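Asker: Whatever this is, show me its structure:
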Amino acid sequence: MRRCKTQLVRVCLFLIAASPAYCQRSTFGIDVGQTSDKFGGLNRVSGLEADIEGQVTVLHSNPKKGGPGIVVGGEIRLPTDTANHAKEFAIFGGPHFQAHNFSFGFDAQVRKIYLPTANVNNQFFVRDKMELLELPLFVRYSFGSAQRAFIQVQGAPEFTPRFRSNGSTVQLPNPNFDHGYFIRGSAGYIFGKWYAKTTYETRYFKFLSNPNNPLNLYNWRSDLITGGVGFVF
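Answerer: Coordinates of the predicted model:
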């Protein structure tokens, strides 16, 4: 995971540094909404969360030749209650193709998730941080006046996470991964130099029920709904 993360960072920095003349479009937005998380057999807990995301098109696509555009970016998720919800950091980059009103492609991304500490009968179980390599596919459809309205669907199966110490001297053992996925849908409208959108995401991680996953505390179902605005420049 560390090697993949290092290589992705190098690629992103190279593209940004080597192609400044081709940077024709950037976005930066802030979304705010509610996250709802359930770990194992614990009660579901809801809270507020902010999602900050930006991306840069470092190489614009050429629809006539069928070539893709190259996009790089990053995302930060910050819940107001980190005792019950995870904060996240991600960098991503990948090819984006254009075909009439549709755009599609994938973004290779590295994501680090700081899982909250579990409190079970006044006993605290410190979960390790998760590092993920993800390859989500997306399809976006633009329509309406000057194609300003859009809907987008994105999703991917999850690969086996890598776990890193969260700084505790007493840690849970690393669990054995079973399966996971995430699905995200967005709808919005571009108003010249700014845009508004709403997003819903559901995500699920399941680990084997064994001593490495006591009380199934690593099993995680997360639902996030947000709305926000951003800039196009």
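Asker: Skipping adjacent residues, who's closest to residue 132 in space?
Answerer: residue 111 (4.5 Å; Cβ to Cβ, 6 or more residues apart in numbering). C-beta coordinates here come from the backbone N, C-alpha and C atoms, glycine included.
Asker: pretty sure that neighbour is touching residue 134, no?
Answerer: Yes: the pair residue 111 / residue 134 is scored as a contact, 6.1 Å apart, by Cβ atoms under 8 Å.
Asker: Can you tell me which helix or strand of the protein has the lowest average pLDDT?
Answerer: Between all helices and strands in the chain, the lowest mean by mean pLDDT, DSSP states H and E belongs to helix 2-18, at a mean of 43.
Asker: how many other residues sit next to residue 62?
Answerer: 11 (other Cβ atoms under 10 Å).
Asker: ok, what's across the strand from it?
Answerer: residue 67 (DSSP bridges).
Asker: now the one 10 residues further on
Answerer: Listed beta-bridge partners, residue 72: residue 56, residue 93 (assigned using DSSP bridges).
Asker: Help me confirm that it comes into contact with residue 92.
Answerer: Yes: counting by Cβ under 8 Å, residue 72 touches residue 92, with 7.1 Å between them.
Asker: still on that earlier bit, what about the residue nearest to residue 132, neighbour count?
Answerer: 19.
Asker: ok now do it, which residues does it touch?
Answerer: 88-90, 131-132, 134 (Cβ atoms under 8 Å, 6 or more residues apart in numbering).
Asker: what number of residues lie near the residue nearest to residue 120 when sequence neighbours are not counted?
Answerer: Distances taken as Cβ to Cβ, 6+ apart place residue 215 nearest to residue 120, at 6.3 Å, with adjacent residues excluded. Residues lying near residue 215 (other Cβ under 10 Å) number 15.
Asker: so residue 36 makes contact with residue 45?
Answerer: Yes: counting by Cβ under 8 Å, residue 36 does reach residue 45; the two are 7.3 Å apart.
Asker: so where's the protein uncertain?
Answerer: 1-25, 63-64, 66, 168-172 (pLDDT under 70).
Asker: and if we set it to 50?
Answerer: Across the chain, the stretches falling below the confidence threshold (pLDDT under 50) are 2, 4-24.
Asker: Residue 109 and residue 90: what is the separation?
Answerer: Distance, residue 109 to residue 90, using Cβ to Cβ, to the nearest Å: 5 Å.
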